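> Here's my sequence, what's the structure:
(2 chains)
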There are 2 protein chains.
Amino acid sequence: MLLRLQRVRELMEARGLDCCVAASPDNVFYLTNFANFIHERPFILVVTKIGAPQFVVPRLEIPHVRARAVGDLELVEYPEFPAPAGSTWADALRALIPRGARTGVESTCPLMVHDVIPGTRVPNDVIDDARMIKTAYEAGRIAYACGLCTDAMRALFAGAKPGRSLMQTAPELTGMTLMRVLRDNPVTNMLATKLQAVFQPPSVSHDPHNFTNVAMAMTEGGPHVGIMNFVVNGYDSEIERSFFLGKVPEAAKRPFEVMMTARRLAFELTVPGAVMGEVDRRVNDVFRSAGYGEYLLHRTGHGIGVTGHEGPFLAEGDDRVIEPGMVFTIEPGVYIPGVGGFRHSDTLITTERGNVSLTEGPDSLEAVTLPVS
Amino acid sequence: MLLRLQRVRELMEARGLDCCVAASPDNVFYLTNFANFIHERPFILVVTKIGAPQFVVPRLEIPHVRARAVGDLELVEYPEFPAPAGSTWADALRALIPRGARTGVESTCPLMVHDVIPGTRVPNDVIDDARMIKTAYEAGRIAYACGLCTDAMRALFAGAKPGRSLMQTAPELTGMTLMRVLRDNPVTNMLATKLQAVFQPPSVSHDPHNFTNVAMAMTEGGPHVGIMNFVVNGYDSEIERSFFLGKVPEAAKRPFEVMMTARRLAFELTVPGAVMGEVDRRVNDVFRSAGYGEYLLHRTGHGIGVTGHEGPFLAEGDDRVIEPGMVFTIEPGVYIPGVGGFRHSDTLITTERGNVSLTEGPDSLEAVTLPVS
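Numbering: from 1, shown residues only, chains lettered A, B, ... in the order given. Model (predicted):
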C-alpha cells in the first residue's frame, strides 16, 4: 500500500496537485484494500502530500473498514445518511481539503462529490494512472487468479459435450473455484470476489455479450466461446477460448486461422516501447486485409487489475506507450453472423524483455476441437 | 416504460428542463429495462421533451441492447473505446443535446460525462425522483421478489442449528432461490439478478456489515441476524430477522423488546402525509428514551426499487413527505457490543390507506427462538 501511495504522490507532484480525491470504489480499494459497493452512503478517500490518507466513511461501516483496510488511514466518520445539515458526508469532506489546494478529481467522480470540493478542482486520473503499472504484489495476486481461470477452462473442456447447458456448467465451475479460493485464502473478501464462468454456443457466439438465455446448450460443431473472468480478493483475471465439439464447420476454418495470425502478432507487438493504438491498428489490419474489417467489434485488448476492464487499452485512439509491469488481455476477435465468434483471450504481463502470459491453455484448431464420445 | 418516461417528462417540465442525461446504470435500467455494469464503455441515455429517448451505446453492445431493452429507443452507436478523436462516445453525446438546452444532470453523473454536455447543466435528480413512486408493474415485481425473500428466510429458520456455517447456508439458499427464479422467469437477466442470503452469529451481529469470516457458524443462544436481499430481474427486496437458537440470553431480552416497540411505531408512522425525518426521529426516540441512544447505527429504513438502497429515506435529515406508492424497508435496529445486534427488516409499500408489508415472517421473541433438537 505504501508503494502505491508513493507512486500516487509522485504523479501528484509531477502534475502540480496538492491533493487528490477518490470516490471510485476501485481507486479506494487500490489504496486501502477496502472494498465497498456503490450505494447512497459515500466512501471518499483524500490523499494530500504527507501523512496518512483520510477516509470519509459512514459511522455504520467503521468496524467493517477496520476489519478490511490495510495501511495507515485516518478515518473520518459521518452519521447516518442523509444526516442533518452541518453533519453530512459533504461537510466532512469539505473540511479535509487544505485551503487553496489544487485537487485532482477522477473522471468518474460523481458530480455531487466534485461540487463540494473547495479550492481548484483539476480533472486528473492520478490514481487510475498509478494503477497501470503493477507492483510485484499485484502481479502475484493477478497470477494466482489467472491460475484459477486456467484450471476452470480446463474443467470446462473436460466436461464439454453436446447438450450441456450454461445453467449446468456455470454453477459447477464457479462452485469448484470458490471452494478453492476459500481453502487457499482464509480471509477471502466476498465483496471483492466475483466469479464468472460462462460459454456461448455457436448460435450466439457472433454476439459476444449475449447471455440472454441461460438454458442455451453446447452443440456439435462450433465455434463456441468459453469465458472465465475471475475477480479474487480484488484482483481480476481472464481467459477465453473458441472451441468446437467433434467437428469444425468448413466456414469456420479460415476465420479461425486469421484470428490465430492476429493473435500471434498481438503477442509479438505487446512489448515495452510500443504505442498501444498502433498495436491495435496493426492487429486489426490482419483482419482487414483478410476481408473481415466489417466483422471487428472490439480492440485487441484491455488493461486488467483491480477491475476486469481498465486502462491502458490496446485500442486505436490510445496513444500511450507500453511500459514494463502493465497487464493486458490479448484477445483479437472476429464475429461473423451465421458463422460465429472467434476469440481466444489470455492475460499477460509486460516485462523488460517482452511479455509473459499468466493464463495458459490449448489454442490451435486441433487442440480446441474436443472429441464427442 | 411509457408511464415512467411520462413521469420523468412531467418532472422535467415542472423543473424547467429541456433535456436530461442518465449515465447511472440504475436510471438507465429504470427507463429502458437494459442492465449494464459500469466499465469504461459508457452507456448514456438522453431524454428530451418529445420523441424516443436516445441511447448512446458501444457498437459491441448493440445486439445486447436490442435483446433486452423495452420501449422505443433510438440507438446511437460509437466505435470501440477509446476511439479516435471525433468518433468517441463524447462526440456522439454532444451531438444529441439540443442547442441552448437546460439539461438535468444526475448527482452521481461522472465528471467526464458532465463536462462534455453543452448548454446549461443543472444538477437535478429528475429520474431518481420519478423512481420514488412505483408503478403497478414495479410494485408487482418487488412483491414477487419479496415472496422469494420470505420463503428463503423460512428455509434459513428450518435449517438453523448450532454449527451451521455461512459457507453452508448461503449457497443452499441462493441456489434454491435461483432455481425458482429461472423456472418462474424464462427470460431472467442475470446481469440484473443478485441474490444475497446471509446471517451473522451473535459474536458479530452488533456490527451489521461484518461478513469478514465466511466460516462463521450459528451457536446456541443469540441474537443472530438473518438477511435476505434479492434483486430479481432488476427489482430488489429485503427481509431480515434477529433470531435465537434454543435460549435467549437475559441481556438480550430488553433490547429485543425495545426494538419491537420501535418497529411497531415505525409501521404505524410510515403512512402518506408523514415527514420522513420525523418518522425516524420518533422511532429513534424509542431507543434513546430506553437509554440506547449510543447504540444506534442506522436509520429506520430506506427506499428500495431497482436498487436495494435508494431514496427516499426514513432518516433524520430527509424532510420529504411520504406519498402513496413508495416502497421502504422498516428496520429500526440497535447494536450493543457484547450483547449483539437487534433488527428485523420488512419491505412495505405505502397506499392511500396506510401501508402493506410485502415480506412476512415471524417476529415475536417466541416465534424467533428456534428449537435446538
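> alpha carbons only for contacts and neighbour counts from here, please
Fine.
> can you pull the buried residues of stretch A:313-326?
A:313-319, A:322-326 (16 or more other CA atoms under 10 Å in any protein chain shown).
> list the contacts for the most centrally placed residue in chain A?
Of all residues in chain A, the one closest to the mean position by CA atoms, centre = their mean is A:Gly308, 1.4 Å from it. Counting by CA atoms under 8 Å, 6 or more residues apart in numbering or on different chains, A:Gly308 touches A:229, A:231, A:236-238.
> again with A:Lys161
If a contact means CA under 8 Å, 6+ apart, then A:Lys161 has A:218-220, A:245, A:372 as its contacts.
> how about TSV for those, with secondary structure added?
Listed next are the contacts of A:Lys161 as TSV, based on DSSP: H, G, I helix; E, B strand; the rest coil:
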residue	secondary structure
A:Met218	coil
A:Thr219	coil
A:Glu220	coil
A:Leu245	strand
A:Val372	coil
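> how about the residues of the stretch 201-350 of chain A that lie near chain B?
Selection of the stretch 201-350 of chain A residues close to chain B by CA under 8 Å from any CA of the partner chain yields A:207-210, A:212-214, A:297-299, A:309-310, A:313, A:315-318.
> Let's see which of the residues you listed end up in strands.
A:310, A:313 (DSSP state E).
> could you flag which of the residues of the stretch 201-350 of chain A next to chain B are buried?
A:207-208, A:210, A:212-214, A:297-299, A:309-310, A:313, A:315-318.
> Going along the chain, name the helices of the stretch 101-250 of chain A.
Taking DSSP state H, counting those that start in this stretch as the test, the helices found in the stretch 101-250 of chain A are A:111-116, A:126-131, A:136-159, A:166-184, A:250-269.
> what's the neighbour count on A:Arg59?
A:Arg59 has 18 neighbours, counted by other CA atoms under 10 Å in any protein chain shown.
> for the spatially closest residue to it that is not a sequence neighbour, helix, strand, or coil?
Nearest residue to A:Arg59, sequence neighbours excluded (CA to CA, 6 or more residues apart in numbering or on different chains): A:Glu77, at 5.1 Å. Three-state call for A:Glu77 (three-state DSSP): strand.
> ok, now A:Glu10?
Applying three-state DSSP: A:Glu10 is helix.
> Within its local environment, how many residues does A:Ala139 see?
Neighbours of A:Ala139 using other CA under 10 Å come to 19.
> For A:Asn355, see how far away the residue nearest to A:Thr177 when sequence neighbours are not counted is.
Setting aside the residues directly before and after it, A:Thr177 is nearest to A:Leu148 in space (CA to CA, 6+ apart), at 6.8 Å. For A:Leu148, the distance to A:Asn355 equals 20 Å [CA to CA, to the nearest Å].
> can you tell me which of the buried ones among the residues of the stretch 201-350 of chain A next to chain B lies nearest to chain B?
Chain B has its nearest neighbour among those in A:Gly317, at 4.2 Å by CA to the nearest CA.
> got a list of what the closest one touches?
Applying CA under 8 Å, 6+ apart to A:Gly317 gives the contacts A:277, B:81-85.
> Looking at A:Leu148 and A:Asn355, which is more packed in?
The residue with more neighbours, out of A:Leu148 and A:Asn355, is A:Leu148; 24 against 21, by other CA under 10 Å.
> close enough to count as contact, the more buried one and A:Leu178?
No: taking contacts as CA atoms under 8 Å, A:Leu148 lies outside contact range of A:Leu178: 9.6 Å.
> rewinding a little: export the helices of the stretch 101-250 of chain A to JSON lines and tack on distance to A:Phe37 and mean pLDDT?
Below are those laid out as JSON lines (distance: least, CA to CA, whole Å; pLDDT from 0 to 100):
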{"stretch": "helix A:111-116", "distance to A:Phe37": "16", "mean pLDDT": "96"}
{"stretch": "helix A:126-131", "distance to A:Phe37": "18", "mean pLDDT": "97"}
{"stretch": "helix A:136-159", "distance to A:Phe37": "21", "mean pLDDT": "97"}
{"stretch": "helix A:166-184", "distance to A:Phe37": "20", "mean pLDDT": "92"}
{"stretch": "helix A:250-269", "distance to A:Phe37": "35", "mean pLDDT": "98"}
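> what's the closest of those to B:Phe342?
Closest approach to B:Phe342 among these (CA to CA): helix A:166-184, 29.1 Å.
> coming back round to it: from the buried ones among the residues of the stretch 201-350 of chain A next to chain B, which single one is nearest B:Gln196?
A:Val214 (19.7 Å).
> Would you check that that closest one makes contact with A:Thr169?
No: the pair A:Val214 / A:Thr169 is not scored as a contact, 10.3 Å apart, by CA under 8 Å.
> Quick check: nearest residue in space to A:Val279, chain neighbours excluded?
A:Val279 sits nearest to A:Leu269 (CA to CA, 6+ apart), 6.1 Å away.
> give the contact list for the residue nearest to A:Arg59.
Here A:Glu77 is in contact with A:56-59, A:62, A:89, A:92 (CA under 8 Å, 6+ apart).
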